[in-house]
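Chemist: from the sequence below, what's the structure:
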Amino acid sequence: MSGKDRIGAALLLLVFVAFGWLSQRIPLLPFQADQAFHARTMPQALAVLGCLLALVLLARPGDRARPALQGLNWRVAVAFLVLMSAYGLTIRPLGFLISTTAFLAIGFRLLGERRPWKLAGVAVPVALGFWWLMARGLDVYVAPWPPLVTGPG
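Modeler: Here you go, the predicted structure:
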């Protein structure tokens, strides 16, 4: 296992530990406290599974080569960090569908896709599909559109 793989596995472990810790802050309704399956169950299961897989990656024997960080596309990595931050900041004011569609289309553009019909043809159905899955399949309300602005009074 290369040094780059070990760095990735260590970062994944940190992300999943943080994810598991933050999943404890998900509020439960009073009647959910004693149920076996509730709002925290899947995030906690994903956190545990992610931590186990990251530990497996870290435990694998590796070579002595140092990680080569040269040649990586750092501009795209930084652009994705900025894009994810912008997505987090715009999801409430713009609504899920607009924000997610824009996030996906810009992300695909950063990865090299240039055809607008393909950007829209993938981003729009994926955003709609995820919204439908959450709203109808999981019964989780996610505001699809920006909130209506009303005047004073």
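Chemist: how about the residue nearest the centre of the chain, nearest residue that isn't a chain neighbour?
Modeler: The C-alpha lying nearest the average C-alpha coordinate of the chain belongs to M84 (Cα atoms, centre = their mean; 8.5 Å). Nearest non-adjacent residue to M84, counting by Cβ to Cβ, 6 or more residues apart in numbering: F103, 7.8 Å away. Any C-beta I mention is one placed from the backbone N, CA and C, and that applies to glycine too.
Chemist: and if you look at Y141?
Modeler: Leaving aside its chain neighbours, Y141 sits nearest to A135 (6.7 Å; criterion: Cβ to Cβ, 6+ apart).
Chemist: for the one you found, grab the count of nearby residues.
Modeler: Using other Cβ atoms under 10 Å, A135 has 15 other residues around it.
Chemist: does it sit in a helix, a strand or a coil?
Modeler: Here A135 is helix, with the state taken from DSSP: H, G, I helix; E, B strand; the rest coil.
Chemist: report the contact partners of it.
Modeler: By Cβ atoms under 8 Å, 6 or more residues apart in numbering, the contact list for A135 reads Y141, V142, P144.
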